[in-house]
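In: build me a model:
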Amino acid sequence: MLEEIREQPAALERTLRASLQPARQLARALAARKPKHVVLVARGTSDNAAQFGRYLIEITTGIPAALAAPSVTTLYRSRLDWRDALVVAISQSGESTDTNIVLEQARKAGAVTVGITNESSSTLAGLAQHVFPVRAQRERSVAATKTYTSQLMALYVLARTLGATIPTDDLARLPDWTQAALSLESEIRARAERYRFMERAAVVGRGLNYANAFEFALKLMETCYVVAERFSGADFLHGPIALVEPGFPLFVFAPAGVTWNGARRLLETLDSLRADVLLITDLSNAPAAKHSNALVIPRKLTRASLRPADLFSPIPYVVPAQLFTASLAACKGRDPDRPRTLTKVTRTL
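Out: Residues are numbered from 1 along each chain as shown. All right, here's what the predicted structure looks like:
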């Protein structure tokens, strides 16, 4: 897992290069018929990537986006009207049965279909009209890391194809910003030790980093066997905050930008309750970087000139979370590469 976390800068660079030509082909296909809505279908870690894609596409293009409920098609056998839709299937292996069934039915019912996968010869790649290849190379650890961030990179390119103003120069900088996040590895390994006996926790993120809250919690559950709940910072105040008592572990993604004011108010409340809060932030958010328990990526990743300012924070921000879970698994004597009961490819209907 650690080796594959460290491989992410190169995987991101390869994925960006490989996605540009499919993006041009998709742009030509959509020139006469722009989709009225986008539906993303996935499972597991790929579903967390889809959650990011939903926010990214709506925020940057104005096209309504949603996550598919595969059971509607696979179990209830409902026939949906997919005309005027772009359906995007995301799968590391390309062999998720229910994801592929939804993609196949959507294509038959009039959707334009896109596949995002790490396996160019997979079933998904054969079903989709347009394939955005993930170039993470083989992922050996059961816990997905480099495929998740590479899927996010492909989704940036997809959003740009749909009309988003996303500077390609900044996309090209994401590998370097990810490398900067990797520089925190030693600090994170030392910090993880204090959480050796943690059995439950909550992870909070909002907006473009909401998906990272899901992904961080998933990694804590599957590699460390910690019961980890994930919340929007807004939703957390609507009830789950009752969980908090002195010493309760909370992990908070805290970029600068429009989500910071809400996160700051939440942090003030959590500090008053004496929760054990660990922040993930960067140098562009000076107040968060000064927090007594912050992991600070040594770069300024958010800028007032960007719309939104936190546009490029999600990929670098998830890296400290990945490093933390790998380190905590080691502290707990767990093997994050082979979690009990799990296999690399899961097929469900």
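In: now stretch 45-60 - C-alpha only, PDB.
Out: What follows is stretch 45-60, C-alpha atoms only, in PDB (Å, rounded to 0.1, in the frame of the first residue of the first chain):
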ATOM      1  CA  THR A  45     -13.600   3.400  -3.800                       C
ATOM      2  CA  SER A  46     -14.600   4.200  -7.300                       C
ATOM      3  CA  ASP A  47     -18.000   5.400  -6.000                       C
ATOM      4  CA  ASN A  48     -16.100   7.800  -3.800                       C
ATOM      5  CA  ALA A  49     -14.400   9.100  -6.900                       C
ATOM      6  CA  ALA A  50     -17.800   9.400  -8.500                       C
ATOM      7  CA  GLN A  51     -18.900  11.500  -5.600                       C
ATOM      8  CA  PHE A  52     -16.100  13.900  -6.300                       C
ATOM      9  CA  GLY A  53     -17.100  13.900 -10.000                       C
ATOM     10  CA  ARG A  54     -20.600  14.900  -9.100                       C
ATOM     11  CA  TYR A  55     -19.400  17.900  -7.200                       C
ATOM     12  CA  LEU A  56     -16.800  18.800  -9.800                       C
ATOM     13  CA  ILE A  57     -19.100  18.600 -12.800                       C
ATOM     14  CA  GLU A  58     -22.000  20.600 -11.200                       C
ATOM     15  CA  ILE A  59     -19.700  23.300  -9.700                       C
ATOM     16  CA  THR A  60     -17.600  23.800 -12.900                       C
END
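In: pLDDT below threshold where in this structure?
Out: 339-349 (pLDDT under 70).
In: for the residue sitting nearest the centre point of the chain, give me its contacts.
Out: A centroid search over the chain (CA atoms, centre = their mean) returns Ala49, at 4.0 Å, as the residue closest to the centre. Going by CB atoms under 8 Å, 6 or more residues apart in numbering, Ala49 touches 42, 90, 116, 148, 151-152, 155, 211. For glycine as for every other residue, the C-beta is placed from the backbone atoms N, C-alpha and C.
In: tell me the two of those residues that are most distant?
Out: Ile116 and Ala211 (14.2 Å; CB to CB).
In: these two: which is more packed in?
Out: Ile116 (36 against 28; other CB atoms under 10 Å).
In: helix/strand/coil for that one?
Out: strand (DSSP: H, G, I helix; E, B strand; the rest coil).
In: does it touch Val157 like I think?
Out: No - Ile116 lies out of contact with Val157 (CB atoms under 8 Å); the separation is 9.6 Å.
In: quick check: neighbours shared by those two?
Out: With CB under 8 Å, 6+ apart, Ile116 and Val157 have common neighbours Phe132.
In: need the phi and psi values for Leu182.
Out: phi -70, psi -20 (degrees, to the nearest 10).
In: what's the neighbour count on it?
Out: That count, for Leu182 with other CB under 10 Å as the rule, works out to 20.
In: need the CA coordinates for stretch 307-327. PDB is fine.
Out: Only the C-alpha atoms of stretch 307-327 are listed here, as PDB (Å, rounded to 0.1, in the frame of the first residue of the first chain):
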ATOM      1  CA  ARG A 307     -13.200  29.500  -9.200                       C
ATOM      2  CA  PRO A 308     -13.600  27.600  -6.900                       C
ATOM      3  CA  ALA A 309     -10.500  28.400  -4.800                       C
ATOM      4  CA  ASP A 310     -10.100  24.800  -3.600                       C
ATOM      5  CA  LEU A 311     -10.500  23.300  -7.100                       C
ATOM      6  CA  PHE A 312      -7.200  21.400  -7.000                       C
ATOM      7  CA  SER A 313      -7.100  20.400  -3.300                       C
ATOM      8  CA  PRO A 314      -8.700  16.900  -3.400                       C
ATOM      9  CA  ILE A 315      -5.900  14.900  -4.900                       C
ATOM     10  CA  PRO A 316      -3.100  16.200  -2.700                       C
ATOM     11  CA  TYR A 317      -5.400  16.300   0.400                       C
ATOM     12  CA  VAL A 318      -6.200  12.600   0.200                       C
ATOM     13  CA  VAL A 319      -2.600  11.600   0.200                       C
ATOM     14  CA  PRO A 320      -2.000  12.300   4.000                       C
ATOM     15  CA  ALA A 321      -5.200  10.400   4.700                       C
ATOM     16  CA  GLN A 322      -3.800   7.400   2.800                       C
ATOM     17  CA  LEU A 323      -0.400   7.600   4.500                       C
ATOM     18  CA  PHE A 324      -2.200   7.900   7.900                       C
ATOM     19  CA  THR A 325      -4.200   4.700   7.400                       C
ATOM     20  CA  ALA A 326      -1.200   2.700   6.200                       C
ATOM     21  CA  SER A 327       0.800   3.900   9.200                       C
END
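In: in it, what counts as buried?
Out: When burial is assessed from 16 or more other CB atoms under 10 Å, stretch 307-327 yields the following buried residues: 308-327.
In: circling back: skipping adjacent residues, who's closest to the residue nearest to the centre of the chain in space?
Out: Nearest non-adjacent residue to Ala49, counting by CB to CB, 6 or more residues apart in numbering: Gln151, 4.0 Å away.
In: hmm, Val134 and that neighbour touching each other?
Out: Yes - look at Gln151 against Val134 with CB under 8 Å: they come within range, at 5.9 Å.
In: which one of the two has more residues nearby?
Out: Val134 (33 against 28).
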